[in-house]
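Undergrad: predicted structure and sequence below. I'll ask about it afterward.
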Amino acid sequence: MKARKQGRWKRRVVTGGGVVLLLALVLWLGALGYSRHEVRAQMAETVARLDALDGISANNVIKRDGFFSADGQLRLTRSDRTSEESPALVLDWQLRYGVLRTALSGRADLVEAGGRALFADELSPGERVSFNARFQHLERSARLTVEAPATLAWQQRDTALTLDNAAVSFESDGQGSRLAVDFSALDYRSPVRQLSLGALHWSTRLHAADSAAPDNKGEIGREDRLDVANLHITRSGGLPLSAEELHFEGHTLHDGQQLRYPFSMALDNAAVSQQQVGSATLEAELARIDEQAARELVALAGGELAARWQSGALLEGGVLSLIRPWQDKVFALLSDSPQLRVDALTVDSGMLGHPLRLEGALTLEGDDVQRLSFAQLQTSWGRSAFRRRLNGDFVVHNAPPLLALVAGQQPGQETLELSIREGALLINGEPWLLLDQGF
């Protein structure tokens, strides 16, 4: 009797467990099907938005459509040309659906009208750009990485450029978004100059908080960072310049209707030819930046650049023609009298004997600045009038004897007071240089 009851209990457990597993499987398949539907709908919406852009034609072809995965090809061409005449950005993609995460990967290249590919045929024979993306459904976050072939090489006559291990990544989550660019080496050579960069990392992070809110004082809106392992520059007829461990970081701070941008910079082992010059660090801040004018300038410049790029006339008419539509926004940006505050500029060099330190502030007077124009700044009198808007005061500590002599002071004068007033540079209250002459 007891054995019979135990047998029935075991069968019930097995049956119940099977039902639970079956129910879990049904729920998992349902969730996967829903996730698949959402991903496909978002892809279709993205392609439609691309196709709606001025001058762009987007065509997405699904080559294999499975329940767990799909493959296809997206082609972006210029809508003002036929498919035979227009270059095409071709992306061969693969989707892998998941309940919690969807993966997108593939390869891309820019194919000319004649069928020749930019990467596979020109820059890195046989290789294309690869991309990988991960979308977390519950966290509503995404990460995209685009990697170029290991080495990109371009040459035209006597000019050559190589780029190693370049990659671009983008991340987005509820806290904001981050864009980063990395490469391990860059080398540029031409008859007039040579430039070599070691490993480089650049990133910028935009925070998701509403930076336009009235109570946003002290709120961080953007963070920037740049690191370069080493730098070498040689110009024809000039001495080679080099430096190591270049570093920059800064961030925007919202201050009511204005922006502040504290930043720091550093470089080590700067040298001219074989002569070591030294190292330097800078702690400073850009202040009094009109936030609304900055936003409008960025929006206007972005729209203008995009329109010119699509029309194929990015630099038609020269740089002045490109930036002339921005001049009202540029001068509006200066109307709050922006200021550069130098908390500490430190130069440490064996040539100086002991570290030199500078601190102070430089202000651009913004009264009636919107009456200026780019055309005026092209004239000598216009540039002179603009420089007379500069006012600043700086103090140099631990000035070496040679610098004091050049400044017209006694060799033992270790503190120099620098002032900029009405287009003139004054040292310890005495005029030393007229800034509104010569350029």
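TA: Looks like it came in fine.
Undergrad: ok, for Thr145, nearest residue in space, not its chain neighbours?
TA: Ser169 (4.6 Å; Cβ to Cβ, 6 or more residues apart in numbering). Where you see a C-beta, it was placed from the backbone N, CA and C, and this is true even at glycine.
Undergrad: swap that for Leu282, please
TA: Met265 (4.4 Å).
Undergrad: which helices and strands sit right next to the helix or strand containing the one you found?
TA: Using DSSP states H and E, Met265 sits in strand 258-272. Under the contact definition 3 or more Cβ pairs under 8 Å, 6 or more residues apart in numbering; DSSP states H and E, strand 258-272 sits against strand 241-255, strand 275-290, helix 291-311.
Undergrad: what does the host helix or strand of Gln73 contact?
TA: If you go by DSSP H and E, Gln73 is part of strand 69-78. For strand 69-78, the surrounding residues in contact (Cβ atoms under 8 Å, 6 or more residues apart in numbering) are 40, 47, 50, 55-64, 83, 86-97, 310.
Undergrad: following it, which helix or strand shows up next?
TA: Following strand 69-78 in sequence, per DSSP H and E, is strand 88-96.
Undergrad: and that following strand, C-alpha only, in PDB?
TA: Backbone C-alpha positions of strand 88-96 (Å, rounded to 0.1, in the frame of the first residue of the first chain) are rendered in PDB as follows:
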ATOM      1  CA  ALA A  88      26.900  52.100 -52.200                       C
ATOM      2  CA  LEU A  89      27.600  51.400 -48.500                       C
ATOM      3  CA  VAL A  90      27.000  47.600 -48.300                       C
ATOM      4  CA  LEU A  91      26.400  45.900 -45.000                       C
ATOM      5  CA  ASP A  92      26.100  42.100 -44.900                       C
ATOM      6  CA  TRP A  93      24.400  41.400 -41.500                       C
ATOM      7  CA  GLN A  94      23.500  38.400 -39.300                       C
ATOM      8  CA  LEU A  95      20.900  38.600 -36.400                       C
ATOM      9  CA  ARG A  96      20.800  36.200 -33.500                       C
END
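Undergrad: quick one: mean pLDDT over the helix or strand just after that strand.
TA: As assigned by DSSP H and E, the chain's next helix or strand after strand 88-96 is strand 101-111. On average, the pLDDT along strand 101-111 is 86.
Undergrad: give me the buried subset of the contacts of strand 69-78.
TA: 56-58, 60, 86-91, 93, 95, 97, 310 (16 or more other Cβ atoms under 10 Å).
Undergrad: and the closest residue to Asn428 other than its chain neighbours, how far from Ala424?
TA: Once flanking residues are discounted, Asn428 sits nearest to Glu417: 5.3 Å by Cβ to Cβ, 6+ apart. Going from Glu417 to Ala424 by Cβ to Cβ, to the nearest Å gives 14 Å.
Undergrad: between these two, which one's more packed in?
TA: Each of Glu417 and Ala424 has its neighbours counted (other Cβ atoms under 10 Å); Ala424 has more, 16 against 13.
Undergrad: my guess is the more buried one contacts Leu433, does it?
TA: Yes - in this structure, Ala424 is within contact of Leu433 by Cβ atoms under 8 Å, at 7.0 Å.
Undergrad: quick revisit: which parts of the strand holding Gln73 are buried?
TA: Ala70, Gly72, Leu74, Arg75, Leu76, Thr77, Arg78.
Undergrad: in JSON lines: these, plus distance to Thr346 and pLDDT.
TA: Below are the buried residues of strand 69-78 laid out as JSON lines (distance: Cβ to Cβ, whole Å; pLDDT from 0 to 100):
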{"residue": "Ala70", "distance to Thr346": "58", "pLDDT": "84"}
{"residue": "Gly72", "distance to Thr346": "56", "pLDDT": "88"}
{"residue": "Leu74", "distance to Thr346": "52", "pLDDT": "86"}
{"residue": "Arg75", "distance to Thr346": "54", "pLDDT": "87"}
{"residue": "Leu76", "distance to Thr346": "49", "pLDDT": "84"}
{"residue": "Thr77", "distance to Thr346": "54", "pLDDT": "84"}
{"residue": "Arg78", "distance to Thr346": "52", "pLDDT": "78"}
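Undergrad: mind putting those in CSV, distance to Leu300 included?
TA: Shown next, in CSV, are the buried residues of strand 69-78 (distance: Cβ to Cβ, whole Å):
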residue, distance to Leu300
Ala70, 40
Gly72, 36
Leu74, 30
Arg75, 31
Leu76, 25
Thr77, 27
Arg78, 24
